[in-house]
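Asks: Build me a model:
(chains A and B)
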Amino acid sequence: SQTIHQWPATLVQPVGSPLSLECTVEGTSNPNLYWYRQAAGRGLQLLFYSVGIGQISSEVPQNLSASRPQDRQFILSSKKLLLSDSGFYLCAWSVRLENTEAFFGQGTRLTVV
Amino acid sequence: GENVEQHPSTLSVQEGDSAVIKCTYSDSASNYFPWYKQELGKGPQLIIDIRSNVGEKKDQRIAVTLNKTAKHFSLHITETQPEDSAVYFCAASRNQFYFGTGTSLTVIP
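Replies: Residues are numbered from 1 along each chain as shown, chains lettered A, B, ... in the order given. Model prediction:
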């Protein structure tokens, strides 16, 4: 069966520090991968999606970047965090070339102080 | 890109009553419409979905309807229970998933 792992679960970082959130998927190949951000009391904002290794599409200009160094690994990064980067970050995957459900990780609660 | 609007943002119902959440979308090419339930501190989980070639789908107490012409779709929960309390998200998808802003549902025992 397929599983998605996202870590860490919680993170407190000072303003100006770097960020690296990692997401890996097991049990499937060539997945579409997504990073979403959920600000407090708000919806899910699509940040990045990827249809293959090294292929990243950005939905919204951000202080963030994403990379996909391996087929089932998706990394969200920042060189210098801002207070506004605080939120709940969710990684998700879906089957490529099929329009079916997205499966979400358990999320990372990031607080920038 | 796609724009998904969701209403209401909060909803309180008495246990046993029905709850209805409505969404509209803008991209007529979207052809897959999932609904997710998110409990506090967790990732969203799919509860029901519908494709553009279907007008209605039901799974026990949960049903979804889709009106392609009007570009809106709705979630219906009947006989609500306290464990239905959560945040619900609609989404529209063609290649990527675009989510509504969520509805916080509270079922009052």
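Asks: Next, the contact list for residue 71, please.
Replies: In the absence of a named chain, chain A is used. A:29, A:30, A:31, A:52, A:53 (C-beta atoms under 8 Å, 6 or more residues apart in numbering or on different chains). For glycine as for every other residue, the C-beta is placed from the backbone atoms N, C-alpha and C.
Asks: My question was about chain B, not that one.
Replies: B:24, B:25, B:26, B:28.
Asks: which parts of chain B sit against chain A?
Replies: B:1, B:6, B:31-32, B:34, B:36, B:41-46, B:49, B:51, B:89, B:91, B:93-102 (C-beta under 8 Å from any C-beta of the partner chain).
Asks: Just these: which are in helices?
Replies: Residues of the residues of chain B next to chain A located in helices (DSSP state H): none.
Asks: List buried residues within those residues.
Replies: If you count burial by 16 or more other C-beta atoms under 10 Å in any protein chain shown, the buried members of those come out as B:6, B:32, B:34, B:36, B:43-44, B:49, B:89, B:91, B:93-102.
Asks: related to what we said a few turns ago, want to throw the contacts of residue A:71 into JSON lines with distance to chain B?
Replies: Output for the contacts of residue A:71, formatted as JSON lines (distance: C-beta to the nearest C-beta, whole Å):
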{"residue": "A:29", "distance to chain B": "18"}
{"residue": "A:30", "distance to chain B": "14"}
{"residue": "A:31", "distance to chain B": "13"}
{"residue": "A:52", "distance to chain B": "13"}
{"residue": "A:53", "distance to chain B": "18"}
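Asks: out of the residues you listed, which is most surrounded?
Replies: Using other C-beta atoms under 10 Å in any protein chain shown as the neighbour criterion, residue A:31 leads these with 23 neighbours.
Asks: Now do the contacts for the residue lying closest to that one once chain neighbours are set aside.
Replies: The shortest distance from residue A:31 to any residue other than its chain neighbours is 4.1 Å, reached at residue A:93 (C-beta to C-beta, 6 or more residues apart in numbering or on different chains). Listed by C-beta under 8 Å, 6+ apart, the contact set of residue A:93 reads A:2, A:4, A:25, A:28, A:31, A:32, A:33, A:34, A:102, A:103.
Asks: All the helices of chain A, residue numbers only.
Replies: Here chain A has no helices by DSSP H.
Asks: So which bits of it are right by chain B?
Replies: A:6, A:32, A:34, A:36, A:42-44, A:46, A:49, A:59, A:90, A:92, A:94, A:99-107, A:109.
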